[in-house]
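1. next comes the sequence, and after it the predicted model I'd like to discuss.
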Amino acid sequence: MKRRNRKRKNDPGAPKWMVTFSDMITLILVFFILLFSMSQIDQAKFEAVSESFRNRMILDFFPSAVPNEHPSESTNNQQSGTDNNEFLHPSKKPGENEEDEEDGDHQDALSALLKDVESYLVENELSSIVTANRTERGVVLVLQERILFESGEATIVEDGIPFLNEIGTLLKNMPNHVKVEGHTDSRPISNYRYPSNWELSGARAGSVVRYLIDQQNLDEERFSIAGYGDIQPVAPNDSIANWSKNRRVEIVILEEDYEEDE
């Protein structure tokens, strides 16, 4: 008897539409890979997310460690009297906010001092011989020679005392350190008291500090002096007017962070 050959049914395999679908998924995957490769990751948020996976406490109490960019949509997530910031910023040290507030207070104090000095200069018509400005060092007061000293001398004259008294009163209300710097023009000086401009500039700075300490009862540890002679001119030493600009004393009320750098 002949065996009947049974025709094997051909396996049709996956539907034809799956080929198109898989191609589309592959293209979408490539598209997102390209987007990711060209994107910029917010380092702070990335570290916050990473920290959330390492810190089980955040996962237990809060759904996300990334700060909400839309505060109006956020809800009150405090639980058991715990502040969210304690978890959102685990690296923040206790008292850090207080330090920021103190820095802000010092900034405000210097700004207030600068405003008071400028008002005093305008009221007393001293703006032509005393200038006040704010730099990275702090508040810098530049006093021309003629308001404080006679030519070639380091003894404070009567006309300069009211201004120094005003500065001393303002300094009593703030703890900042103060550096007083003496400057001269380039013309040489040589006498029994001041053999050179170095001695004269240093003596003038010392006279200002001594007055503030003795007459205004300020702490001497807050002060430092420097005599620069003629090596830091503010104008070329080529005329009478420029010589007058270079003969000066600068009182610098230092920024708190600048004191640390010093």
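-> That came through fine. Residues are numbered from 1 along each chain as shown.
2. pretty sure residue 223 sits against residue 181.
-> No - using CB atoms under 8 Å, residue 223 is not in contact with residue 181; the gap is 11.6 Å. C-beta coordinates here come from the backbone N, C-alpha and C atoms, glycine included.
3. residues making contact with stretch 240-251?
-> Outside stretch 240-251, the residues that touch it by CB atoms under 8 Å, 6 or more residues apart in numbering are 140-146, 148, 167, 178-187, 204-205, 208, 230, 233-237.
4. ditto for stretch 158-166
-> 117, 120, 124, 126, 130, 143, 147-149, 156, 208, 211-212, 215-216.
5. quick one: buried residues of it?
-> For stretch 158-166, the neighbour count (16 or more other CB atoms under 10 Å) marks 160, 163, 164, 166 as buried.
6. what residues does the nearest residue to residue 176 once chain neighbours are set aside make contact with?
-> The shortest distance from residue 176 to any non-neighbouring residue, by CB to CB, 6 or more residues apart in numbering, is to residue 253 (5.1 Å). Contacts for residue 253 (CB under 8 Å, 6+ apart) come out as 110, 113, 138, 139, 140, 141, 171, 174, 176, 177, 178.
7. switch the cut-off to 7 Å
-> Counting by CB atoms under 7 Å, 6 or more residues apart in numbering, residue 253 touches 110, 113, 138, 139, 176, 178.
8. can I take it that it is in a helix?
-> No - looking at residue 253 with DSSP: H, G, I helix; E, B strand; the rest coil, it is strand, so not inside a helix.
9. separation between it and residue 148?
-> Relative to residue 148, residue 253 is positioned 17 Å away (CB to CB, to the nearest Å).
10. these two touch, right, residue 130 and residue 145?
-> No - checked against CB atoms under 7 Å, the pair residue 130 and residue 145 is beyond contact range at 11.4 Å.
11. below-threshold pLDDT in this structure: ranges please.
-> Within the chain, the ranges that satisfy pLDDT under 70 run 1-14, 40-46, 49-107, 259-262.
12. quick one, helices of it?
-> Taking DSSP state H as the criterion, the chain contains helices spanning 17-38, 43-54, 56-61, 84-88, 96-123, 145-148, 161-171, 197-216, 240-246, 256-261.
13. ok, the nearest residue to residue 184 once chain neighbours are set aside - contacts?
-> Spatial nearest neighbour of residue 184, chain neighbours left out: residue 197 (4.2 Å); criterion: CB to CB, 6+ apart. Shown in contact with residue 197 (CB under 7 Å, 6+ apart): 184, 189, 229, 230.
14. pick out whichever of those residues sits closest to residue 48.
-> Closest approach to residue 48 among the contacts of residue 197 (CB to CB): residue 229, at 54.8 Å.
15. excluding its backbone neighbours, what's nearest the closest one?
-> Nearest one to residue 229, counting by CB to CB, 6+ apart, is residue 197 at 4.0 Å.
16. give the burial count for residue 221, as a bare number.
-> 8 (other CB atoms under 10 Å).
17. all set now, cheers.
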